[in-house]
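Trainee: Requesting a structural model of the entry that follows:
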Amino acid sequence: MAGRIEDYALIGDMQTAALVCRDGTVDWLCLPRFDSHAIFAGLLGTEEHGFWRLGPAHAADAEPPTAARRTYRGDSLILESEWDTPRGTVRVIDFMPPRDGAPQLIRIVEGVSGRVPMRSVLRMRFSYGRVVPWVHKHEGRTVAVAGPDSVWFDTEAETYGKSLTTYADFTVAPGDRIAFTISWEPSHKEPPALPEPEQSLVATEDFWREWVEHCTYHGPYREAVIRSLITLKALTYAPTGGIVAAPTTSLPEDIGGVRNWDYRYTWLRDAAITLSSLLRTGYREEARAWREWLLRAVAGDPENLQIMYGLAGERELGEAELDWLPGYENSAPVRVGNGAAHQLQLDVYGEVTEALHLAHMTGLARHDYASLLQLKLIRYLEDHWDEPDEGIWEVRGPRRHFVHSKVMAWVAVDRTIKLIESGDADGPLERWRELRDDIHRDVCEKGYDKERNTFTQSYGSKELDASLLLIPQMGFLPPDDKRVIGTIEAIQRELSTTDGFILRYPTEGEHEGVDGLPGDEGAFLACSFWMADDLAMIGRVDEARKLFEKLLSLRNDLGLLAEEWDPRRKRQVGNFPQAFSHVPLIDTALRLTASGAYGG
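Mentor: Numbers count the residues shown, from 1 in each chain. Coordinates of the predicted model:
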């Protein structure tokens, strides 16, 4: 059985990523891209669906021992795990070097004290655990082949095969270093070059050290901010600049339930807010690459803007269920692809425009097509802003007039007006000023409940929605407006869990709720960070700081966050690690630092 979600560490090469459990097991790895088929899918099934365990040897009928300590080496994505055994201490160094040729996962075993018996157990299963590859020797190297894929396994340790699994048993003493590498290559090509693990380790450490040096944030939450930035960089697909929402699929929002989705794609919303955080912490190159990705993805067809695309801008992300996988802790179905790709979510126009506006305001070199795209988006919104949509949370129920969607349509128009006013674009200024006023008036009249002094999830509804917390952050209304304060306090009353975290919206347990799905979910971490932001904006800074630091305590021992927190089970749930959790962490840290609202 897979570990708890927070038991995993992330390693990656900015084209794909692996999850490594506390017991030294790699339970998830897709090659060669984030959205490729997994060769280790044990995370969503059993050991029969693929894994790679490397750690101290143990009895066959015993659980693998978990590491006594683990950490990332400095400000990097190099994982170091240490086991203390009766025979001594051993360290395993796991990393994926930034790609220069074949993708590689490298594991170096280092003896620290005593003489420790070790075992590597490698079970490759292609196509998400469904296909057993042909494993054989080729010029002294072990290679697994199935269809278009080949994975090459290199080590100085002696290996042997048993039960369709590759083993290595060895002992390490102080100073010993034994490396293991898997490399992927299309099966019709020549074998990948022999790995050079020690040189790759040095190069990987140098890469991350140099990248982190560009960070301009030096406040009291620097450790948390840096780890979140590294995580966001790891979720960036380097060849195109696209940013995945998470490197996993179908980790459940409700353990045992059906709320299991594939997040290995680029959501415009998630990527836009990620861009915002990167820009505000000094990472302009990533912002430039994302803008180029956006322009290619949308290319010539902004009227049919999708909410998400593939890593290279692919439009077709057809959803399917993998019925041979039982799911994480029996949370079925396991899904690949995402049927929400063609939903109408009007808020995306606002997030994209806000990102382009911020890039412009922070001095990113002007791009004529980026300005033209903004104008095209507003021309589309002129005719469609007053339509119902599926909203930010991608409901699979009927379309509604979601308040957040209307607010973000207002943001799109407002930021484009500012672009025209700056002289960097031409457009019908007066007409769009009237449009901006019309949207604002519509929201305040139809999306506001005067009796309860709160905005609501959608026009005419009584439900609340945590996305309403973005109203002051987007400048739609000032923080001291009584309607803003009333909304914040209503969400605290009606959408807070017992431990003070924020739900996205009400769910209906076994009954189908507003999102068209049965079951409940955990507290959505981004929403809880938004609450901390809002509390700081309305002057309740001590309360904001306490909530923020409580949220920081939910991170696992390596500083990573999934999508949600399950208040009943006291554990992380949802896809992991989640960009949409780490971005608002950075944003709230910046706001609290600017306000001086931090302890110690």
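Trainee: Give me the pLDDT value at the closest residue to residue 399 other than its chain neighbours.
Mentor: Spatial nearest neighbour of residue 399, excluding adjacent residues (C-beta to C-beta, 6 or more residues apart in numbering): residue 388 at 3.8 Å. All C-beta spots, glycine's among them, are computed from the backbone N, C-alpha and C. Per-residue pLDDT puts residue 388 at 96.
Trainee: What distance do you get for residue 388 to residue 396?
Mentor: 14 Å (C-beta to C-beta, to the nearest Å).
Trainee: try residue 386
Mentor: From residue 386 to residue 396 the distance is 22 Å (C-beta to C-beta).
Trainee: what's near enough to touch residue 547?
Mentor: 500, 528, 531-532, 535 (C-beta atoms under 8 Å, 6 or more residues apart in numbering).
Trainee: what about residue 119, which SS state?
Mentor: strand (DSSP: H, G, I helix; E, B strand; the rest coil).
Trainee: so it sits right up against residue 166, yeah?
Mentor: No. Counting by C-beta atoms under 8 Å, residue 119 sits too far from residue 166 to count as a contact (11.3 Å).
Trainee: any weak-confidence spans in the protein?
Mentor: 1, 300, 508-520, 597-600 (pLDDT under 70).
Trainee: the helices in it, which residues?
Mentor: When assigned using DSSP state H, the helices of the chain occupy the ranges 126-129, 197-212, 222-234, 268-280, 284-298, 347-361, 368-384, 403-421, 429-446, 470-473, 482-494, 525-537, 541-552, 579-595.
Trainee: Can you lay out those helices as CSV showing distance to residue 191?
Mentor: Formatted as CSV, the helices of the chain follow (distance: least, C-beta to C-beta, whole Å):
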stretch, distance to residue 191
helix 126-129, 18
helix 197-212, 17
helix 222-234, 27
helix 268-280, 36
helix 284-298, 31
helix 347-361, 42
helix 368-384, 42
helix 403-421, 50
helix 429-446, 59
helix 470-473, 51
helix 482-494, 57
helix 525-537, 43
helix 541-552, 45
helix 579-595, 35
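Trainee: can you tell which of those helices is closest to residue 330?
Mentor: helix 126-129 (15.2 Å; C-beta to C-beta).
Trainee: any idea how far the closest one is from the chain center?
Mentor: On the basis of C-alpha atoms, centre = their mean, to the nearest Å, helix 126-129 sits 22 Å off its chain's mean C-alpha point.
Trainee: who touches that helix?
Mentor: Helix 126-129 has contacts (C-beta under 8 Å, 6+ apart) with 37-39, 41-42, 44-45, 48-50, 132-133, 144, 146-147, 149, 322, 324-325, 334, 336.
Trainee: For the nearest residue to residue 276 once chain neighbours are set aside, give me its contacts.
Mentor: Distance criterion C-beta to C-beta, 6+ apart; nearest residue to residue 276, sequence neighbours excluded, is residue 358 at 5.5 Å. Neighbouring residues of residue 358 by C-beta under 8 Å, 6+ apart: 275-276, 279-280.
Trainee: most neighbours, which of those?
Mentor: The residue in the contacts of residue 358 with the most neighbours, by other C-beta atoms under 10 Å, is residue 275 (30 neighbours).
Trainee: I'd say that residue and residue 359 touch.
Mentor: Yes. Taking C-beta under 8 Å as the definition, residue 275 is a contact partner of residue 359 at 7.1 Å.
Trainee: and for these two, which residues touch both?
Mentor: Residues within reach of residue 275 and of residue 359 at once, by C-beta under 8 Å, 6+ apart, are 287, 291.
Trainee: rewinding a little: the helices of the chain: which one's closest to residue 463?
Mentor: Closest approach to residue 463 among the helices of the chain is made by helix 482-494 (8.7 Å; C-beta to C-beta).
Trainee: Alpha carbons only: can I get the closest one in CSV?
Mentor: Extracted C-alpha coordinates of helix 482-494, given in CSV (Å, rounded to 0.1, in the frame of the first residue of the first chain):
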residue,chain,number,x,y,z
LYS,A,482,-18.6,46.9,4.4
ARG,A,483,-19.6,44.4,1.8
VAL,A,484,-16.1,43.0,1.7
ILE,A,485,-15.8,42.8,5.4
GLY,A,486,-19.2,41.2,5.6
THR,A,487,-18.2,38.6,3.0
ILE,A,488,-15.0,37.7,4.8
GLU,A,489,-16.9,37.3,8.1
ALA,A,490,-19.6,35.2,6.5
ILE,A,491,-17.1,32.8,5.0
GLN,A,492,-15.4,32.5,8.3
ARG,A,493,-18.7,31.5,9.9
GLU,A,494,-20.1,29.2,7.2
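Trainee: And that helix, what's buried?
Mentor: For helix 482-494, the neighbour count (16 or more other C-beta atoms under 10 Å) marks 483-488, 490-491 as buried.
Trainee: Identify the bridge partners of residue 309.
Mentor: Beta bridges link residue 309 to residue 266, judged by DSSP bridges.
Trainee: looking at the helices of the chain, which is buried most?
Mentor: helix 525-537 (a mean of 26; mean count of other C-beta atoms under 10 Å).
Trainee: helices and strands around that helix, which ones?
Mentor: Contact analysis of helix 525-537 by 3 or more C-beta pairs under 8 Å, 6 or more residues apart in numbering; DSSP states H and E lists helix 470-473, helix 482-494, helix 541-552, strand 564-566, helix 579-595 as its packing neighbours.
Trainee: picking that back up, restricted to strands, list the contacts of helix 126-129.
Mentor: With strands taken from DSSP state E, the overlap with the contacts of helix 126-129 comprises 38-39, 144, 146, 149, 336.
Trainee: Closest to residue 173 out of those?
Mentor: residue 144 (30.7 Å).
Trainee: Which strand residues bridge the closest one?
Mentor: On the basis of DSSP bridges, residue 144 is bridged to residue 135, residue 151.
Trainee: That one: neighbour count?
Mentor: Residue 144 - counted by other C-beta under 10 Å - has 24 other residues nearby.
Trainee: need the contact list for it.
Mentor: Shown in contact with residue 144 (C-beta under 8 Å, 6+ apart): 124, 126, 133-135, 150-151, 153.
Trainee: run the last query once more with 6 Å
Mentor: When contacts are counted by C-beta atoms under 6 Å, 6 or more residues apart in numbering, residue 144 touches 124, 133, 135, 151.
Trainee: Was I right to think the second one contacts residue 146?
Mentor: Yes. Counting by C-beta atoms under 6 Å, a contact exists between residue 133 and residue 146, whose distance comes to 3.9 Å.
Trainee: Roughly how far does the closest residue to residue 255 other than its chain neighbours sit from residue 374?
Mentor: Ranked by C-beta to C-beta, 6+ apart and with sequence neighbours excluded, the top spatial neighbour of residue 255 is residue 329, at 5.3 Å. Using C-beta to C-beta, residue 329 is found at 44 Å from residue 374.
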